[in-house]
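In: return a 3D structure for these sequence lines:
(one chain, ligands or ions: 1)
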Amino acid sequence: MKKKIIAYLDNQTSFFSFDYVSDVFTASKIAEIFNVKRNTISHYLNQLTSEGKLIKVNSRPVFYLSKKTFEEENFKLKKNVYSSFQEILNEKPYFKKERDFFSLMIGHNQSLNRAIDQIKMSLAYPNNGLPVLITGESGTGKSYLVKLVYEYCIENDILKEDAPFITLNCAQYANNPELLTSNLFGYVKGAFTGANETQQGIFESANEGILFLDEVHRLNAEAQEKLFTYLDQHIIYRVGDNSHPLHINTRLFFATTEDLESNFLTTFIRRIPIQITLPSIKERSRNERIELIYSFFISERHIIQKDISISSQVINLLAGNHFKGNIGELKNCVKVTVAKAFMEQKSEQVVNISIHYLPSYLLRDTEQLVYNIDENKILIKSDTTLQQMIKINQLTQKGVIETFEKVLLIYRENHQDLSICEEEIKKHINKLFDELFFSKQRYSQYELLVYVTQYIRETFRQMRTAYGIQFNGNSVYALSYYLLQRGSTKWYPENDELSKSIAHLNQEIKSLYPDSYHYVSRILNICQPLIDLDIALMDYIILTLYFKKIDWKKEQGIPKAIIVAHGYATASSISNVVNRLLEKEIFEAFDMPLETTTKQISEEIINYCTQNELSNGLIILVDMGSLRELYQFFPKQIETPIIVVNNVSTPLALSIGENIQKKLPFEEMIEQSVDSAKLDWEIIYPQENRKKVLLTVCQTGIGTARQINQLLEKSLPVSCDLKIMPYSYESLHVNKKDDTIFSVYDVLGIVGTENPNIENLMYVSLEELISGQDTNRLMDGLSSVMTKEEKDLFNKRIIRSFSLEKVIQSVTILDTDKVIHEIEDFFREIEFLFNLLLGNNVKIALYVHISCLIERLIRNIPIETYSQYDELAQCHQRELSLIKKAFSVIESDYSVNVPNSEVAYVYDIIFKKSDISMIESDF
Ligand SMILES: Nc1ncnc2c1ncn2[C@@H]1O[C@H](COP(=O)(O)OP(=O)(O)OP(=O)(O)O)[C@@H](O)[C@H]1O
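Out: As a prediction, the model looks like this:
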C-alpha cells in the first residue's frame, strides 16, 4: 500500500501548483481512491512523512506531497513538515526577488512573456551566458529590459554584488567610429596620433559584469570584426596590438532600432543566437497600455507627493493613442500632463487631471471623439498599487470571460458537437446578457456607455441601409453593454487544444447561422476601429448565438434605391427631403460634381452594388438623359434587376419611394409613378446570371411563408448561392409563369402550404418536409446550385429543423405542447363531426396552419380575404359551420373568434388539398 501511495503522490505532485491546491493531496481523497479507511491511510501517510518520502502541510485540510517529485519540479526543501504552503514558499531560493524583478516590466506575463523566457535562458547558459540582441522601435523598453537583467543577475547570484554594468550608446560616436573602437577595446601607446598612453577599454571595465551596447548598428566593420573575436574566443585585442590577447568575461547585450538585414554584417548576426524584438505600443494590448499608464501615474504620484485624480477620458485618450515614440513617449506625456496640472493646482489637495492638461496633439490626432461630460475619476493615493488598479480594470470583464470559459467547457464536454449542447450554451449566453442589462456597474460607466452606444447605433444604421435589417431597439444596448464589459483586453486561449476547440466551434456556428455570423462580423469590423477593440473569435461566437435568438428581422422585398445627380448636393437634397417625408431611409444619394463622366458614375454605383445586399433589385433615379446610358457600363454578370429612371425630381422620388414602401412588385413601383409623369425609364434584367431562388408560399398571405423561409435559410449551407424568398401565393396562382418574379430570378421551385400549380416547376409541400417524406425531390431540384456535399448538409439540417415541434415553435410564439394538444382535439372533433379520418398529410398541414391561425388571431394580424367565400358558403354552408363548431374549444381557450375567411381556408385544406388523399372512415 505504501508503494502505491508513493506512486500515486509522485504522479499527482508533478501537476502540483501553488495557485490551486487540489484535494487529491488530502488523506480523505486518497482513502477514497484506494478504497481504504481514512485512519489507515493517515497512518501510512504519516509514516512516509517521517521516512522523508512525503512532505506534510499542516493546513486545513492537511496535504501530503511527494518530496522527491516536488524537489525535482521546484526546489530543495529543508523539512518534511510545514505549517502552510507559504512556509514552503519562503524557502524558495530567491523566490521573491526573481519574481519581483521581471514583473516590474509591464507585459512580462503577456506580450513580453517569451522575450523574458529567452533572456532567462540566455543567462542560464554556461560560460557567461549567450549574447542577446534586442531590437524594437525607439522607446519600446530595450534599455529598461537590460537594466532589469542586471538587477536580476545580482539578486540571483549570477553576477557578484559589485559586478560592473556598463552601457555604451554607440550613436554618440556617430561621426567618429575610430574613437568608438578605441574606447571600446582600449588602445596601446602609439596606436594612433594622440595615443600617448596605453588605455584600457570599456570591454575590460565590464569584465565579470554586463556590457550593453545600445544603437549597436553604429559599430563600423572594424569594430564588428573585433567583436567576433570576442564572441568566438572570449578574447579582445586593444587597438594597435594584435599580439597580446586579453581574456575577458563579460555578458553582452546589444540593442538597435534598425533593420537587422540591412545594417549588420550577416557574420555578426549569425554569432548572436538570441534575438528578441520588443513590441511597439501599437502591438500591445489595450490592457497593457492601460497598465503602463497607471504605473506612470503612480510614479508621478510619488514624485509630486500629492494624490492624483484622473478622468477616465484621459486614460482612454492615452490608451487609444499609438505613440510613435512608444512607451518612452507615453511616459513623457504622462509626466508633462501631471506637471502641468500640478503647476496650475498647487494649492489643491488633490491634483485633478482632465483632458485639458493633455498635450494638444493628442486631442488632435485621436480618432475618438471627446465629450465634455462629467466623467468618472480614478484616484491614485499614496498607497495605491498597480495590482489594485489592474484588478478593478479586470473585474469589469470578468463576466464575459467567465462565459467564454463556460461555453468552451460545455462544448468540449459534449464532444464538440453543438447540436447536443447548443441549448445549454445559449442559456449561459442569455444569462450573461441578462446580467449585462441589469449590471449596476453600468451606471458608473455612464459616459462611456453614451459614447459606445452612439457608435453602435450608427453601425446598426449602416447595417440597415446595407442589408435592410431591422434592429430591435434592445440590440443596440445589448451590444454596447457587451462591448463595454468586454473591454479591450486581448483574450488568449490557454493552450493549443482550446484554440482548436474555438476554431471548431467557430466553424460550426458560421455554417449553422451564416447570416447572423456575417452580420456580427460586419458590425464588429465597423466598430473595431472606433472603440479600439481587440476582437477574439469567441466574440463572434457569443454574439452570433445571442443575436440569433433575437433574429435579424429582414425587411422583406424592398429594393435598394439611389439618386444620382450632377452638382454638389442635388442628389443629397432630394433624398433628404424624400426620406424625411417618408420617415425612412429609402434613398441614398450620389452627388456628382459636373465634370464627372458617366463611366465614373457607373463605377461608383458598381462599387455600391458590391457592398450592399441587392437581391431585391436596384432602382436608380438619374437627372439627365446622358445618364441613361449608364447601364452599358454595368458588367454583364449583374445578378439583380436594375431600373434606371430618368429626370429625377423630388415629387417623382417621393412617389417611387411611397411605392417602394408599399412593397409593390418591382416594375409596378415605377409604372405607377411614371405613367402620369410620362417619363422614360428602362429596366435591365440580369441576363446571364439571374440569381437562383427558391420561393416559399402560403395561401393565407405571406406570414407562414416567411417562417418557412427562415427555417430553410437557417438550413442552407453558407457556401451555397441560393436565395430563398417568400412570395405571394395569389400572384403565382393567378399569373403562373407570367409573373414578374420569373423575369427577375431563375426560380428553381416552390415550398409552401399550398401548390400554386405552375407547370414544370418543382413544388414541395411543407407537410412533405415535416414528414421527411420527400426531401430528395427538393434536393434534386436544387442540383444546379448545390454540390452533392451541400445537398447532404442541407438535407440533414432540414430533417433536423422541420420536425413538427420545431416548425410550430418557429412559426408561433405559442406554447408548442399546448397548441399541439388543442389541434389534436380539433382533429378528433372534425373526424367525429364529418365522420371521416384525416390523412397524415392533411394533419400536418393543419397543425402548421392552425397554429399560425391562432397566433394571427391573438396578434390581430389580418389575412387576405378568401376571394370566393360567397360561392363556397352557398354550396358548403353545413361544412363551414361544422368546422367553425370544431373550433369552439380553441376559440374559448385562446379567447379568439375564427372569422369566415379562416374557416374557408381550413375547409380548403381538409377537403380540397389536391395532392392529399382523404380516407373516408368505414362507419
Ligand atoms: N515594459 C515596461 N514596463 C514599464 N516601463 C517601461 C516598460 N518598457 C519601457 N518602460 C519605460 O519606458 C521608458 C523608455 O524605455 P527605454 O528607454 O528602455 O526604451 P528604448 O527601447 O531603450 O528606447 P531607445 O531606443 O529610444 O533608447 C523607460 O523610462 C522605461 O522605464
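In: host element of Glu422?
Out: Secondary structure assignment for Glu422, by DSSP states H and E: helix 418-438.
In: ditto for Tyr44
Out: Tyr44 is part of helix 38-50 when elements are defined by DSSP H and E.
In: could you look up the SS state of the residue of the stretch 201-350 of the chain found nearest the ligand?
Out: Residue nearest to the ligand within the stretch 201-350 of the chain: Gly328 (3.4 Å; CB to the nearest ligand atom). (C-beta placed from N, C-alpha, C; glycine too.) Per DSSP: H, G, I helix; E, B strand; the rest coil, the secondary structure class of Gly328 is helix.
In: can you tell me the closest non-neighbouring residue to it?
Out: Leaving aside its chain neighbours, Gly328 sits nearest to Gly139 (2.9 Å; criterion: CB to CB, 6 or more residues apart in numbering).
In: hmm, that neighbour is touching Gly325, no?
Out: Yes - using CB atoms under 8 Å, Gly139 is in contact with Gly325, at 4.5 Å.
In: neighbour count winner among these two?
Out: Gly139 (22 against 15; other CB atoms under 10 Å).
In: would you agree the residue nearest to Gly328 falls within a helix?
Out: No - membership of Gly139 in a helix is not supported by three-state DSSP, which gives coil.
In: from the ligand, how far off is it?
Out: If you measure Gly139 against the ligand using CB to the nearest ligand atom, to the nearest Å, the figure is 5 Å.
In: distance of that residue relative to Leu317?
Out: Per CB to CB, to the nearest Å, Gly139 is found 18 Å from Leu317.
In: before we move on, what about Asp792?
Out: Remark: distance between Asp792 and Leu317 (CB to CB) = 54 Å.
In: go on, Gln672?
Out: As for Gln672, its distance to Leu317 is 54 Å (criterion: CB to CB).
In: ok, now Glu497?
Out: From Glu497 over to Leu317 the distance is 39 Å, taken as CB to CB.
In: same check, this time on Asn242
Out: From Asn242 over to Leu317 (counting by CB to CB), the distance is 58 Å.
In: pick out whichever of those two has more residues nearby.
Out: Each of Asn242 and Leu317 has its neighbours counted (other CB under 10 Å); Leu317 has more, 19 against 9.
In: name the element the more buried one belongs to?
Out: Applying DSSP H and E as the criterion places Leu317 in helix 312-320.
In: quick one: buried residues of that helix?
Out: Neighbour counts using 16 or more other CB atoms under 10 Å place 313-320 of helix 312-320 among the buried residues.
In: likewise stretch 279-298?
Out: Of the residues in stretch 279-298, those buried by neighbour count under the rule 16+ other CB under 10 Å are 279-281, 284-298.
In: residues contacting the residue nearest to Ile235 when sequence neighbours are not counted?
Out: For Ile235, the nearest residue in space outside its immediate sequence neighbours is Pro245; the separation is 3.9 Å by CB to CB, 6+ apart. If you count contacts by CB atoms under 8 Å, 6 or more residues apart in numbering, Pro245 has them with 233, 235-237.
In: Ile6 now?
Out: If a contact means CB under 8 Å, 6+ apart, then Ile6 has 48, 53-54, 66 as its contacts.
In: closest to the ligand among those?
Out: Ser66 (38.0 Å).
In: what's the closest one sitting at in phi/psi?
Out: For Ser66, the backbone dihedrals (degrees, to the nearest 10) come out as phi -70, psi 120.
In: what count of nearby residues applies to it?
Out: Here the neighbour count serves as a burial measure; for Ser66 (other CB under 10 Å) it reads 25.
In: right, and the ligand sits closest to which residue of this protein?
Out: Shortest the chain-to-the ligand distance, computed as CB to the nearest ligand atom: residue-wise this is Gly141, at 2.5 Å.
In: residues contacting that residue?
Out: Residues touching Gly141, when contacts are defined by CB under 8 Å, 6+ apart, comprise 105, 278, 326-327.
In: same question for Ile883.
Out: Under the criterion of CB under 8 Å, 6+ apart, the neighbours of Ile883 are 830, 903, 906-907, 910.
In: how does it look with 7 Å?
Out: Ile883 makes contact with 903, 906-907 under the criterion CB atoms under 7 Å, 6 or more residues apart in numbering.
In: ranges for the helices of the stretch 101-250 of the chain?
Out: Counting by DSSP state H, counting those that start in this stretch, the stretch 101-250 of the chain has these helices, from start to end: 113-124, 142-155, 177-185, 202-205, 221-233.
In: just the stretch 701-850 of the chain next, same as before
Out: Here the stretch 701-850 of the chain has its helices, by DSSP H, counting those that start in this stretch, at 703-715, 729-735, 741-744, 766-771, 775-781, 788-801, 804-811, 816-834, 840-858.
In: quick check: angle from the helix holding Glu422 to helix 788-801?
Out: 60 degrees (axes from the mean of the first three to the mean of the last three CA atoms, to 10 degrees).
In: what comes up buried for helix 418-438?
Out: Within helix 418-438, the residues that count as buried by 16+ other CB under 10 Å are 418, 421-422, 425, 428-429, 432-433, 436.
In: ok, now stretch 872-888?
Out: The neighbour-count check on stretch 872-888 (16+ other CB under 10 Å) flags 872-873, 879-880, 882-884, 886-887 as buried.
In: repeat for stretch 710-719
Out: Going by neighbour count (16+ other CB under 10 Å), the buried part of stretch 710-719 is 710-717.
In: do stretch 151-159 as well
Out: Of the residues in stretch 151-159, those scored as buried under the neighbour-count criterion (16+ other CB under 10 Å) are 151-156, 158-159.
In: ok so, going back, of the buried residues of stretch 279-298, list those near the ligand.
Out: Near the ligand, judged by CB under 6 Å from any ligand atom, the entries from the buried residues of stretch 279-298 are 292, 295.
In: please parse this structure into its domains.
Out: For the chain, the domain assignment from automatic domain parsing gives the residue ranges 2-91, 98-279, 285-395, 423-507+516-551, 560-684, 692-802, 810-920.
In: format those domains as CSV; extra columns: mean pLDDT.
Out: Compiled in CSV, the domains of the chain are given as follows (pLDDT from 0 to 100):
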stretch, mean pLDDT
domain 2-91, 88
domain 98-279, 87
domain 285-395, 81
domain 423-507+516-551, 75
domain 560-684, 78
domain 692-802, 82
domain 810-920, 83
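In: dump those to CSV, plus distance to Phe404.
Out: Converted to CSV, the domains of the chain look like this (distance: least, CB to CB, whole Å):
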stretch, distance to Phe404
domain 2-91, 19
domain 98-279, 17
domain 285-395, 14
domain 423-507+516-551, 5
domain 560-684, 31
domain 692-802, 24
domain 810-920, 28
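In: so which of those is nearest Glu413?
Out: Ranking these by proximity to Glu413 (CB to CB) places domain 423-507+516-551 first, at 9.4 Å.
In: which residues of the stretch 51-200 of the chain lie near the ligand?
Out: Taking CB under 6 Å from any ligand atom as the criterion, the neighbours of the ligand within the stretch 51-200 of the chain are 105-107, 136, 138-144.
In: which among the residues you listed count as buried?
Out: Among these, those classed as buried by 16+ other CB under 10 Å are 105-107, 136, 139-144.
In: how far off centre is stretch 182-202?
Out: The gap between the average C-alpha position of stretch 182-202 and the chain average comes to 62 Å, counting by CA atoms, centre = their mean, to the nearest Å.
In: end to end, how far does that stretch reach?
Out: This stretch, stretch 182-202, spans 9 Å end to end (CA to CA, to the nearest Å).
In: residues of that stretch that come out buried?
Out: Neighbour-count burial for stretch 182-202, with 16+ other CB under 10 Å as criterion, is recorded at 182-188, 191, 195, 199, 201-202.
In: and if you look at stretch 508-522?
Out: By neighbour count on 16+ other CB under 10 Å, the buried set for stretch 508-522 is 508-510, 512-522.
In: turn those residues into TSV, including distance to Cys609 and secondary structure.
Out: Supplementary listing: the buried residues of stretch 508-522 in TSV, determined by distance: CB to CB, whole Å; DSSP: H, G, I helix; E, B strand; the rest coil:
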residue	distance to Cys609	secondary structure
Glu508	32	helix
Ile509	29	helix
Lys510	25	helix
Leu512	28	helix
Tyr513	25	coil
Pro514	21	helix
Asp515	19	helix
Ser516	23	helix
Tyr517	23	helix
His518	17	helix
Tyr519	19	helix
Val520	23	helix
Ser521	20	helix
Arg522	17	helix
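In: fine, thanks again, bye for now.
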